[in-house]
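# Below is the sequence, then the predicted model.
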Amino acid sequence: MINLKIDGKNIEVEEGTTVLEAAEAAGVYVPTLCHHPQLTPYGGCRLCMVDVEGARTLQPSCTLPASDGMVVNTNSEKVLNARKFVLTLLFSERNHFCMYCQVSGGDCELQNRAYDEDMTHWDLQPNWQPFEVDASHPFMVLDNNRCILCRRCVRACGELVGNFTLGFEERGADSLLVADYDVPLGESSCISCGTCVQICPTGAIIDRQSAYKGKEIDVEHHVGVCTECSVGCQRDVLTRDNHLVRIEGDWDAPLNHGLLCDQGRFLPLEEDRPRLLTPLVRKDGSLKAATWEKALEAIEAGLGKGKGLAALASTRLPIEDLALFKSLFADGLEAELVTSLEEGFPTASLAALADATSDPFEDSLDALKDTDAVLSLELDLVEDHQVAGFFIKRQLQDGTKLIVADSDENKLADKATLKLDFKSKFLDQLLDAVENGSDDDGINKAASILKEAEKPCIVYGEDFAAQADEKELQALLELKQALNATLIGVKGNANSMAASQLGLDSPFKSNGYQSAFVMLGDEKPTQKLVKALEEVPFVVAQAAYGSQLTGNADIVLPITMWAEQSGTYLNMDGRLQEAVKALDAPDGVLTSQEALLKIAERLGIEPETDWEASLKSRVPTIEIQKA
Amino acid sequence: MKAFRSMVLVSSDPDSMERGALDVFSKLQQQIKAYDLDEEISLSMISDVSKKGRDPLVLVYPDAVIYGSVTPADVPHIVEEHLYKGQVVEEKQISPYDLSGSVAWLSARKGTLPAENRIVLKNVGLIDPEIIDEYIINEGYQALGKVLNEMTPEETISIIKDSGLRGRGGAGFPTGLKWQFVKGAKGEKKYVICNADESEPGTFKDRLVLEGDPHAIIEAMTIAAYAVGANEGYIYIRGEYGLAISRMKKAILQARDYGLLGENIFDTSFSFDLHIHAGAGAYICGEETALIESIEGNRGEPRSRPPYPTTKGLWQKPTLVNNVETLANIPAIIRNGAEWYKSIGTPSSPGTKVYTILGNVNVTGLIEVPMGITLREVISIYAKGMKDGATFKLAQTGGSSGSIIPASLQDTPMDFDSFKNAGVSLGSGALLICNEDVCVVDLAKVLLNFFRFESCGKCNPCRIGNKRAYEILSNISEGVGTLKDLDDLLMLNDQLYELSNCGLGQTACSPLHDILTHFRAEVEAHIKLKICPTDVCPMSGRWAYQIDGYRCNGVSLL
């Protein structure tokens, strides 16, 4: 432990702590600009300088390791003058006339730091060359005129996301933020994760969707889990006057610590499907608006029970809804088929393995954050579950090896150490190679990479799970043993794992069902599903948005979309997390839970509401815990 | 190995080549063969020795005769008269005083000048750097042999510490102590790096050693690696030094061939090998952590220190970084002992220093003299006085960020401590001597332009502060400066010193500070009287503007 004094306070910290961290722990405020808790300290802005007794000059506290007996002063006159000087220089460097900027008035860290120092103007004649604004990207605008060259965006794009799109060109006062080798951002290797927008302290990187629509003082925050895939990132949904303003990552979230992908951050705000606002009942060949009463009447009349009834639910819905759905249709109505829209594709074979071994075999996503070799099976982590891909990509330049085994094109392959063709019985061959060596060069190389690694990780997704037979899955478990590897199973949608636990994983073959109940939520129905349902005479759909499926249905019930409902989600590595309601639904629109309860009441059924118990109905592939 | 009675050198810099140096060379080859002298006379091409207008040059040693503006037609006569008969062809001969630049010892210095003592430049100009045997014959690799066969790493470090050798790159840090830090640092893997980036304007002392005596560096680095426990090394040579790079490459190959580099050197268990990394045109990469970043493939931006390279350097491993000149002293110290080294120079700064003499003096070039010589001695004895009888106005020592020495300080001994006490810095040993035709505002402006251009851009004070200072000086040189500008400049100097991330920013404005201390009246004349006393500054009355060459598309007025 190290003992030092900051502004007269005695503080004890661990070895390796910087002076800035020590000051923060002691409650002493030191202003910063280029510093960010998620990034390695940079020491570029020189705003955090402090007076260290005995040192030749002021020292940057963000990079200076605390040492025993250090005496630090953070507010001597020298320090205060230095801060004003740095801020003055920054203001004079580029166009920092604040009138037109969307972050002016509280959301700009440069402006805030200047106000903190009681500055009202700056003394040096500004002299900058105007830079072109880069508006080529669909979600972001890059304005170099407002950049303070703190490099937070560059460091985040590299250290946190592993994409390394942003960089700096030229040198000295000509330094310029560019994408790739100076191409427009919209034509670059940018994957639209938006981490740079979130981390930029000024208005240099602008979020197109929300610019000028709401500053910090105007908006409300709703922190909850993202519902776009099974990673389960925590995100902060900002609203104003019951409108979605922006989605941001939550820097304090233990799993994704602020990262999101375009599917979780930008695309949800691009919703343009028509919204369903009233129940619809088919009369004389076409759907007509009706009251909830009328709709429930029609459901009671036509739904039926037992054989001939099929019920399907979206895995984007909360567990509470899915458990209620199962209780109503499987236990209450004894429907012939009760399943999810995914039909168990991402989970069935793995769940069967857990059933057989009675032992959870998968590991936490945190294993991906610290690994020296990754084997990726039939999984393109650039296409989806992107944040899991970030964990891998950002370690590659520190020596972590990546083996991509895919039967198809895989966008992660060009960063991989080794790309192999995935065929059936791949794991069997790999296990053989690990134990005895192999004739196949590629598999041999993969085996030796994994054997040499200290913390290897095998990550697979639904394409692997769907084609794996018992022998392959056995090989997976044996490889885990032989290599001391962690296994990470990526699982489809936000609640695919919950659906699996509830047993909602049977396939849907439209073999003569008389009626079907489709709890679509806000999901986009596949063409396959639409076609299959065309064969069913009576279809009830519960959905938020209009689609071909709802257009063909007999009864349509309008329900909430993701932002208008709260609920629990079980992500791919067993974490139970809450999605938080951020908006009020339009009048007349109910949550799918409320709609199901109304139906149950109408049919005289009292469904089971203890969803926690129902999750325990089978052994999961990974232990479930409350996050 | 061959011994020749004469060496004939032909200049091969771009200007000489343009004027037919290659033809002169072939003609010489032909003629020497025709007179059957090719076993006695060695003929080679050398780089940059010339003065414009006198290319190509032909130099003959040991006679120390220089022929200028030589054409192929002149060659038969020169070969017959001088090489064959031994009579100098006076009509073609030019004075060595007309030359500036590299050739450090020439001509009138047939003996050595008083106090000259060649340790670093011992072999430069005397041996063919592309033949390893010539180095070996001149006590080459003896020090390495002694160290590997008779001394422990601790003993090696001890000798260097005792010798009092201090770093010659500019900082003057005790070399032995640095070696000890790296030796004591935790970790199996360590590196040794030679900083041959030499981008300080006006300094070319390292270049001469790299081009003229590359094996000295190889030997020194191997000794250093043995002492600190490293087995891999890098020589970071600035990209512009093409000849240095190719000579060093050749030297490394030859050393490997002879078992003096690579596995089991001198048949001991010690192995060490070298890589060459070429720089890409950034002055900042001479800063040791920026250099390390550059080798790692990143932007050349200095790291935050601590930790220092001695604990976490290249690839975060303990790394020893030494300047070329510092390393060139090592073999001699090992061979002759610490006491010998301490007997030269001053108690606080033993040994010799290679100084580069530049400016308005009669003789420019390199000299190697014991530490402690004064500026007046350098000017009057070595530089043979101010040119055309001009008056000494100021000198800048130590490169572009070095101190400005007015006439009053000419007698301060030039060693690290005496200079420090007088408030001036010695730096890398460049001595820019200016006469009264030099305008201090213009000088400051030119220096600040250099720093503005070379700043890496990582930290705000240096990146923006240098630009602002340059703009202020431009305004003063255009006659639109104000007295507040001088306060701003001093403030910029103080703050840049306090806040900058590395030495570039910290010292960029110090010549400016010195100028305002010693020559304030002249600067104020630009402001108050709107005149430039030396008539150098444009004084156009207009605000200074800059053309951004990067964005200008060259549209011209029709």
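That came through, no problem.
# host element of the residue nearest to B:Ile132 when sequence neighbours are not counted?
Leaving out its chain neighbours, the residue that sits closest to B:Ile132 by C-beta to C-beta, 6 or more residues apart in numbering or on different chains is B:Gln254, at 4.1 Å. The way it works is simple: take the backbone N, C-alpha and C, and place the C-beta from them, glycine included. Using DSSP states H and E, the element containing B:Gln254 is helix B:242-257.
# Give the burial count for B:Glu263, as a bare number.
When neighbours are defined as other C-beta atoms under 10 Å in any protein chain shown, B:Glu263 has 12 of them.
# ugh, wrong one, I meant A:Lys78
Neighbours of A:Lys78 (other C-beta under 10 Å): 17.
# measure it to A:Ser188 for me?
In this view, A:Lys78 and A:Ser188 are 43 Å apart by C-beta to C-beta, to the nearest Å.
# Show me the shaky parts of the stretch 301-450 of chain A.
Regions of the stretch 301-450 of chain A meeting the criterion pLDDT under 70 are absent.
# For chain B, what's the nearest residue on it?
Distances between the stretch 301-450 of chain A and chain B by C-beta to the nearest C-beta are smallest at A:Gln397, namely 9.7 Å.
# Neighbours of that residue, how many?
Using other C-beta under 10 Å: A:Gln397 sits among 13 other residues.
# what kind of secondary structure is it in?
Assigned with DSSP: H, G, I helix; E, B strand; the rest coil, A:Gln397 falls in the helix class.
# got the contact list for it?
A:Gly162 (C-beta atoms under 8 Å, 6 or more residues apart in numbering or on different chains).
# Chain B against chain A: which residues are in contact?
B:282, B:284, B:299, B:304, B:306-307, B:452-461, B:463-468, B:471, B:488, B:491, B:495, B:497-501, B:506, B:548, B:550-551 (C-beta under 8 Å from any C-beta of the partner chain).
# Contact residues of chain A facing chain B?
Going by C-beta under 8 Å from any C-beta, the residues of chain A near chain B are A:41-46, A:49, A:57-58, A:60, A:63-65, A:78, A:81-82, A:85-86, A:89-90, A:92-93, A:124-125, A:127, A:129, A:148-149, A:168, A:170-175.
# one more time with 7 Å
A:43-46, A:49, A:57-58, A:60, A:63, A:65, A:82, A:85-86, A:89-90, A:92-93, A:124, A:127, A:129, A:149, A:168, A:171-175 (C-beta under 7 Å from any C-beta of the partner chain).
# Mind checking which of those are buried?
A:43-46, A:49, A:58, A:60, A:63, A:65, A:82, A:85-86, A:89-90, A:92-93, A:124, A:149, A:168, A:171-175 (16 or more other C-beta atoms under 10 Å in any protein chain shown).
# Among these, which lie within helices?
A:82, A:85-86, A:89-90, A:92-93 (DSSP state H).
# Contacts for stretch B:388-398, please.
Contact with stretch B:388-398 is made by B:170, B:360, B:375, B:379, B:386, B:402-407, B:424-436, B:438, B:511, as judged by C-beta atoms under 7 Å, 6 or more residues apart in numbering or on different chains.
# List the residues that contact whichever residue of the stretch 451-600 of chain A sits closest to chain B.
Nearest residue of the stretch 451-600 of chain A to chain B: A:Glu454, at 17.6 Å (C-beta to the nearest C-beta). Going by C-beta under 7 Å, 6+ apart, A:Glu454 touches A:Asp372.
# Likewise for the one 10 residues further on?
Applying C-beta under 7 Å, 6+ apart, we find A:Phe464 in contact with A:377-379.
# Sticking with residue 325, tell me its helix or strand.
Because you didn't say which chain, this covers chain A. According to DSSP H and E, A:Phe325 maps onto helix A:319-326.
# Actually, chain B is the one I wanted.
Using DSSP H and E, B:Glu325 sits in helix B:324-336.
# Now that helix: average pLDDT?
The average pLDDT within helix B:324-336 is 96.
# Stretch A:554-574 now?
95.
# and what of stretch B:382-390?
In the prediction, stretch B:382-390 has an average pLDDT of 87.
# Just the buried residues of it, please?
For stretch B:382-390, by 16+ other C-beta under 10 Å, it's B:382-383, B:386-387, B:390.
# So B:Val209 is in contact with B:Val120, correct?
Yes - with contact defined as C-beta atoms under 7 Å, B:Val209 and B:Val120 form a contacting pair (6.3 Å).
# Show me the residues of chain B next to chain A that map onto helices.
Counting by DSSP H, these place B:452-454, B:460-461, B:463-468, B:471, B:488, B:491, B:495, B:497-499, B:506 in helices.
# Now do the domain split for the chain, please.
In the absence of a named chain, this looks at chain A. Per automatic domain parsing, the structural domains of chain A span A:2-75, A:324-344+A:496-622, A:348-489.
# that's the wrong chain, I meant chain B
Taken from automatic domain parsing, chain B resolves into B:6-100, B:132-339, B:352-435, B:440-529.
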